[in-house]
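Student: please find the sequence and the predicted model below.
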Amino acid sequence: MSVELDVFVGNTTIMDKEVFQLWLNGYTVSDAVKVRIEGGIMEECEANAEVLLSDTMDQYRTFQMCERLLHHPAKLSNQLLFQIPPDRQAMLIERYYAFDDAFVREVLGKKLSKGTKKDLDDVSAKTGIMLKSCRRQFDNFKRVFKVVEELKGPLVENIQQHFLLPDQLGRDYAAIVFFASNRFETGKKKLQYLTFQDFAFCAGQLINHWTVGAVDNMMDDMDVDLDKEFLQDLKDLKILITDKDLLDQHKSLVCTALRGKTNVFNEMEANFKNLSRSLVNIAAKLINAKDVRDFFIDLVEKFIEPCRSDRWTSIDVNLYLTHYTNSAHILDTFKHHGVWTRYMGVIKSCILRIYH
Amino acid sequence: MPGKLKAKIVAGRHLPVMDRASDLTDAFVEVKFGNTTFKTDVYPKSLNPQWNSEWFKFEVDDKDLQDEPLQITVLDHDIYSANDAIGKVYIDIDPLLCSEAATVISGWLPIYDTIHGIRGEINVLVKVDLFNDLNRFRQSSCGVKFFCTTSIPRCYRAVMVHGFVEELVVNEDPEYQWIDRIRTPRASNEARQRLIFLMSGELQRKIGLKVLEMGGNAVVGYLQCFDLEGETGLVVRAIGTACTLEKISTLTSASTTHPSNSSPSKDMKDSPQAAPSTLGCRSTHSSPVHSASSRLSQGFSVSVPTLLFAGMKPRHKSSKAPRARQCRPIFGEEAPGNPLFSGPPTPLRVQTFSSFSPSKSYSRQSSSSDTELSLTPKTARIYLSPSSPALESESSPLPSAYLPRHLWPGMASRCTTPPPLHVSQSDTAILRKSVSFSEELLLAASGMGSGGSAGKDAGPLKALMRQQTQSALEQREYPFFTLTSFPPGFLLHVGGVVNARSVKLLDRIHNPDEPETRDAWWEEIRQEIKCHAKALGCHAVVGYSESTSICEEVCILSASGTAVILGSRFMQDGPLDTDHRLSRQPLVFSTGAERVEGDMGSSISLGFEEVAPPGCGFCHIPYDELNIPFPAQLTNCYCCRRYKVPDVLFTTIDLPTEANITGKGCLIQARLCRTKKKAQGEGNATAISNLLPFLEYELHTQLMNKLKLRGMNALFGLRIQISVGETMLLGLASATGVYLTALPSPGGIQIAGKTPSDITYEQHISNMQKKINDTIAKNKEIYEVNPPEFVEEVIGSPIPEPRQRSRLFRSQSESSDDVSELDLSYGKKDAFVLEIDDTDAVEDIHALLTDFPTPPGFYSCNTEIMPGIQNWTSAIQMFTSVRVFRLNNANLTNQGLNKIFSELCENLLKSFYFKLRSMVPCCLCHLNFTVAIPEDELIQVAVTAVAMSFDKEQTLENGRQSGDKTLIKAITENDEQLQFSLELNAELSSPNPLSSTKGLSDVSGSHLSARAHSVDYSSFADRCSSWIEQLRLKAHIIRRGSVKTTSSLEKASPLPEGRSRSLRRNRSYSGSSVAVVKMTPLSLLPGAKIIKYLGIINMFFIRETTSLREEGGVSGFLHTFIAEVFAMVRAHVAALGGNAVVSYSMKECVFMENPNKNQAQCLINVSGDAVIFVRESELEATSVQPQSATTQTSNGGEGT
């Protein structure tokens, strides 16, 4: 005695949020049933395991049929096969494109290629996220990447428009795409303490200030690539460290401003030249793609770690960077104010974000 | 006669990739109608082609327009090889042929392929220019409207109901033609789809012709079925009820006609039960006056089932007799503005009646000619065949009684033979007899026939029959109606269920043009039904339906209905003979300008209804109480105490709206499996015939037991389905049980053992007895069945309105404990005794106690709407579920099978409750189970139903709401200034530009273009409460007399905010062009008003796969297919301009699989009515608007 066939089709497609999440998390039907039973739904609704199994199977089938549409969320709203209320559609999309922070940390900045996909089982083993779920998340990244890679205009808006994602999620995807495109290194041990949201914030800063789109919205270029001209111009900042006078002048200006305002003044004074050199060097090297990848490592190694070993608080860092940035403008022989502001603005907010 | 069909192919989208190299498609379209084909240009390299073609014009005969579908084929252009077909769209253009239905088909339709399913969509425009054809001998029947709905469609008024129409067409099944061996599955499927399209078109046309002949303009309750006979052919048959319908003037005008007494009518509109009756003037229905003693004459004078739904003209009445003046006109239309009709007249009327019908001697023997008749000018015409009453009553026992006993002597001891189904038993008994005795007959029909209706001992009766057949009723037609719900007062008495089955051997149909054998088969069955009805003292059958079950070459034909006496006073002769014509001529006594005056007049004058209160009248027995056609216990009606009622009542119809019921109803199912030996040909047919009576009997016993277990006394919507397989028979009877207040309280169930000496045994029995008693008590609580204590004072006093009355009783019985005691004492008297020694009885008891109680918050029924629930919200969820169960164990006993089958059904229900748990409190309505045995050892159950949630608290709020409304209305009418402020406030409360434009469109054009309110998922409960909120607010403002205050603005804000948010969300999906289409198997949408019927949807699809595993196995395959069918139905409805499908049903779902070959095939046939509805809340807005306009203008007038 066995049920050979069992389907339930509603005019309005019935989708259970809880089961959808289980499906997204990569549970098999039987595991999902177990989880649901443990959740106490049987007592709540006077159901039995059989009913639960039937319902779960049915939901899983529905999700599988919907998955194809979820790959192109815009299609979901004008397809005819499923009648899904708009709020439900939004929920489906949002949850389908949601990702685990643990997972995204593993692949952030990696090339979204087949090779990476093959390594997903390691990622799965490491993060405890089911392989199925890893694959979905990876494929989502890749899909979004492929669609917006060649598109003009603002990255976040492009993503939101094509994938109908809510603001926050759209920004996160922009970060993922941006990282994947520029292949920022994020996996090094020294960077492990950083969360995805830290990187996403930095990505937002970079996208908003360092890309071509940041200067000119209507430019025929994309948000994904850093502004080459700007990177070129960054070389000019070297004068701050190569010119001895300028460096000393800068130091004295900053120290004057800082004196008495912080507990770590001595350390600041002692380290000024080192830190300044680090920051300017980072800027000067960014023209090389390879060094772009190491941007975050450089920041951490060359700036954050020294500060941290001197026990600066983030307030100290903030203070330091503020005056460091502003003082440069007062320097007589320093002419590259625009580039300096553009560079330091981002550096400052990134450092402040990842200084913890 | 020619018509011009025009089609334009606009664009395609989401097309599949046909060229792997480029990942694109070079698509073009072929448009074909009849033998003419047009092509669009190839739109190269695109998955979203924009053809924007010219108008393709087909000049065709209107006969073809009706028969043929427009066929649109999308292909991929290929230079080197043959063009690949992407898929097809069949468009039924029938809706365009009727002036009142849709005018254009325009929208995105799914492109469907029988192998791949939906492959993209195509945007088309289709129009028809039709020239009127007045040729008498024409072959087309354009303009006849078809409705699947089994009641008078909501926005129509029935001027006349002509009666039964039927037709069938046969053809060879392409699947079984020789050519099928060499062509592809796709070609074969498409040939089949197309053929069935053609056949249903032809069928519809032919039925339309019959309707025109009868003088009607519409078919209501149109039921079309396919019999896939296999080798022997394909039969498409249809039945329906021909009517003359008249469109009710638009809603706005309707609601403005009686603004003055809006409170009562509004009240009624709030309850869905009242909504149906056309303009909400339910209270004014009533049969005109009639004699209490004329039942017999009525029985014979029903000559033609042509019933007029019409009102008596006041003038007419007053001129006749003093008592007639009191008579209320009929439901049909409330003469607009006629002051006579306002107010609830029921009590008044009843009073009048009781005063004039002097004698309680309600008997058949009394002569039919008395004073009443003299009042009717047309008397002479009626009494064509005044046969003697005695004869009539003698005829009744004919198909009844002795047969079951003769069949099965043991039965009598087990239960008292219950009345209504009895007929069906006797019927099958006859069938059995014919199988065993009349061999010649068998041969003649080359199959198993249910024999002639007259048995051997019917000698004298035959003469009577002949005499009777002379009466026009007999000779002309079947007095059958496929309707299941009627305008109040239409049904006079309900006799019970009549049922006939016949087992036939299929033979090849040699001449498709003359499907005589199939016709003859159905004719036999219908005759039998008619006889049964007569045996119950009834002249008509309502809720009539026909079905078949085919296995190999054996076919069971079934027909069932409810024998009734109709409140027709319209005995006319056959539509074709002169009498009919005469009667259709306007009659003289109308001087007025009213339309159908003539018909009305004639009808009224012939009225012969009982003077019975509407709430219980239909329960009163139609047969002679001295010569009951079967053993039944009659008691005096518990409502009016004057007429006899049976102890239980089974019917196939919906519960009449006016019926008095106690508590709520519930779904009752009897399920049965019987094994059968494998056999061939006639042997097989004989074996099946032998099993049938037992099956029916058992089903009936189960129904009875389960009914009693729930403490109820009547079944509505009874549907017995018997399905035949190679090694078993399945029987499934579903019905909705209710407690009719008019009927006696059912007795309990008593268990008796044969060996009472044994103590443990006794204990066992008493345990069981206790269990049963507990269950009964529990059920009574669940369904709120607290039978009222009969209050003597009610007699003679005006009987209150049905609903009030039941409520009154409910509250009474809640407080009094002695009621249940009283019940018990009554119950013991005629308790149902089950003897436990009988193995069958054990099984019965088992079956009784294994029924899973519905979880809290859920109700279920198979009728349209759950009796006893009124406050539906607009949240509905239609669903279809299919399960196939494999019996692995080949040699199961009957009991084992029963258990499995019963569990299967119960589990299905449980699944539904679980799935729909978010809708609680809700009721599964119109639960329609279809069982089939697709293969040996497989049981397939398909269910289509709708879950509708209701508001528990709303009864209160409803009252408040209407109270507020009236308050507002009253005030606004007094004070124009404030009316203005109200409007202002409404404006203010929607600061969002979007919502205000929406409001505008609601007011101005929502009922014209239903597409305007496409996406509206916001729950009705929310809207309801916000509506109330708004009302309160308005009332508040009005009371304070301030035009606008900041506080009012603040208060108003929550509502528009919520709305604007949802709107914004909609807007963010600007790409969304998919209109929401609601689907429901009911004829109504709660909280909404259907304003236009766009035509019938009748679609047939085949889907086949050769990669079953890849498509997710059988479940994945069928799931996709059903979803695709829904999508196609929705798309076609949307293209017609509709936003809902009502009376939706899945007629056929034939699923076949061959897992070894990785193949499966499925056929689905669905039908329904495409409609446009508007929310009642939106209607309110529109109805308030003109009112305010008038007040404002009057205000202006005063000002100047």
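Tutor: Perfect, I can see it now.

Student: which stretches of the stretch 251-356 of chain A aren't confidently modelled?
Tutor: The stretch 251-356 of chain A contains no residues with pLDDT under 70.

Student: how about the helices in it?
Tutor: A:265-285, A:289-293, A:295-298, A:305-309, A:314-330, A:337-354 (DSSP state H, counting those that start in this stretch).

Student: where does the closest residue to residue B:872 other than its chain neighbours land in three-state SS?
Tutor: Leaving aside its sequence neighbours, residue B:872 sits nearest to residue B:1086 (CB to CB, 6 or more residues apart in numbering or on different chains; 3.5 Å). For every residue, glycine as well, the C-beta is placed using N, CA and C. What DSSP: H, G, I helix; E, B strand; the rest coil gives for residue B:1086 is coil.

Student: phi, psi for residue B:1086 please.
Tutor: phi -60, psi 140 (degrees, to the nearest 10).

Student: pLDDT at it, what is it?
Tutor: With respect to pLDDT, residue B:1086 has a value of 88.

Student: then residue B:1064?
Tutor: So, for residue B:1064, pLDDT stands at 36.

Student: again, but for residue A:75
Tutor: Value listed for residue A:75 in the pLDDT field: 86.

Student: give the next helix or strand downstream of the helix or strand that it is a member of.
Tutor: Assigned by DSSP states H and E, residue A:75 belongs to helix A:73-78. Where DSSP H and E defines the elements, the next helix or strand beyond helix A:73-78 is helix A:86-97.

Student: tell me which of the helices of the stretch 251-356 of chain A sits most buried.
Tutor: Mean neighbour count (mean count of other CB atoms under 10 Å in any protein chain shown) peaks for helix A:295-298 among the helices of the stretch 251-356 of chain A, with a mean of 20.

Student: just the CA atoms of that one, as CSV, please.
Tutor: The C-alpha coordinates for helix A:295-298 follow below in CSV (Å, rounded to 0.1, in the frame of the first residue of the first chain):
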residue,chain,number,x,y,z
PHE,A,295,44.3,46.5,-0.6
PHE,A,296,42.7,45.3,2.6
ILE,A,297,45.7,43.2,3.7
ASP,A,298,47.8,46.3,3.3
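
Student: ok and the residue in the stretch 101-250 of chain A nearest chain B?
Tutor: Distance from chain B to each residue of the stretch 101-250 of chain A (CB to the nearest CB) is smallest for residue A:164, at 7.0 Å.

Student: ok, and the closest non-adjacent residue to that residue?
Tutor: residue A:73 (4.4 Å).

Student: surely that neighbour and residue A:93 touch.
Tutor: Yes - counting by CB atoms under 8 Å, residue A:73 touches residue A:93, with 4.7 Å between them.

Student: so for those two, which residues contact both of them?
Tutor: A:163-165 (CB atoms under 8 Å, 6 or more residues apart in numbering or on different chains).

Student: mind checking which of those residues are in helices?
Tutor: Members of the shared contacts of residue A:73 and residue A:93 lying in helices (criterion: DSSP state H): residue A:163.

Student: dump the shared contacts of residue A:73 and residue A:93 to JSON lines, plus pLDDT and neighbour count.
Tutor: What follows is these, written out as JSON lines (pLDDT from 0 to 100; neighbours: other CB atoms under 10 Å in any protein chain shown):
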{"residue": "A:163", "pLDDT": "91", "neighbour count": "24"}
{"residue": "A:164", "pLDDT": "91", "neighbour count": "22"}
{"residue": "A:165", "pLDDT": "91", "neighbour count": "24"}
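
Student: which secondary structure elements does the helix holding residue A:75 sit against?
Tutor: Applying 3 or more CB pairs under 8 Å, 6 or more residues apart in numbering or on different chains; DSSP states H and E, we find helix A:73-78 packed against helix A:49-70, helix A:86-97, helix A:155-163.

Student: JSON lines for those, including distance to residue A:196?
Tutor: Formatted as JSON lines, the helices and strands packed on helix A:73-78 follow (distance: least, CB to CB, whole Å):
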{"stretch": "helix A:49-70", "distance to residue A:196": "22"}
{"stretch": "helix A:86-97", "distance to residue A:196": "14"}
{"stretch": "helix A:155-163", "distance to residue A:196": "16"}
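
Student: which parts of the stretch 101-250 of chain B sit against chain A?
Tutor: B:108, B:110, B:118, B:121 (CB under 8 Å from any CB of the partner chain).

Student: is it true that residue B:1168 touches residue B:1146?
Tutor: No - between residue B:1168 and residue B:1146 there is no contact under CB under 8 Å: 9.6 Å.

Student: higher neighbour count, these two?
Tutor: residue B:1168 (25 against 21; other CB atoms under 10 Å in any protein chain shown).

Student: where does pLDDT dip in the stretch 351-500 of chain B?
Tutor: Using pLDDT under 70, the flagged stretches of the stretch 351-500 of chain B are B:351-477.

Student: hmm, try it at 50
Tutor: B:351-475 (pLDDT under 50).

Student: which single residue in it comes nearest to chain A?
Tutor: residue B:484 (22.4 Å).

Student: and for the stretch 551-700 of chain B?
Tutor: For the stretch 551-700 of chain B, CB to the nearest CB, closest residue to chain A: residue B:673, 12.8 Å.

Student: related to what we said a few turns ago, most tightly packed of the helices and strands packed on helix A:73-78?
Tutor: helix A:155-163 comes out most buried of the helices and strands packed on helix A:73-78 by mean count of other CB under 10 Å, with a mean of 21.

Student: what angle do that one and helix A:86-97 make?
Tutor: 120 degrees (axes from the mean of the first three to the mean of the last three CA atoms, to 10 degrees).

Student: now the element after helix A:155-163, going C-ward?
Tutor: Helix A:155-163 is succeeded, C-terminally, by helix A:167-182 (DSSP H and E).

Student: what about that next one, average pLDDT?
Tutor: On average, helix A:167-182 scores 90.

Student: how about that helix against chain B, any contact?
Tutor: No - applying CB under 8 Å from any CB, one finds helix A:167-182 out of contact with chain B, separated by at least 11.3 Å.

Student: let's see that helix as PDB, backbone CA atoms only.
Tutor: Taking C-alpha atoms only, helix A:167-182 is exported to PDB below (Å, rounded to 0.1, in the frame of the first residue of the first chain):
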ATOM      1  CA  ASP A 167      17.900  48.000  -0.600                       C
ATOM      2  CA  GLN A 168      20.100  46.300   1.900                       C
ATOM      3  CA  LEU A 169      20.400  43.100  -0.100                       C
ATOM      4  CA  GLY A 170      21.000  45.000  -3.300                       C
ATOM      5  CA  ARG A 171      23.900  46.800  -1.600                       C
ATOM      6  CA  ASP A 172      25.300  43.500  -0.300                       C
ATOM      7  CA  TYR A 173      25.200  42.000  -3.800                       C
ATOM      8  CA  ALA A 174      26.900  45.100  -5.200                       C
ATOM      9  CA  ALA A 175      29.700  44.500  -2.700                       C
ATOM     10  CA  ILE A 176      29.900  40.900  -3.700                       C
ATOM     11  CA  VAL A 177      30.100  41.700  -7.300                       C
ATOM     12  CA  PHE A 178      32.600  44.400  -6.700                       C
ATOM     13  CA  PHE A 179      34.800  42.200  -4.700                       C
ATOM     14  CA  ALA A 180      34.600  39.400  -7.200                       C
ATOM     15  CA  SER A 181      35.300  41.700 -10.000                       C
ATOM     16  CA  ASN A 182      38.400  43.300  -8.400                       C
END
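
Student: in stretch B:195-215, which residues are buried?
Tutor: Under the neighbour-count criterion of 16 or more other CB atoms under 10 Å in any protein chain shown, stretch B:195-215 has B:195-212, B:214-215 buried.
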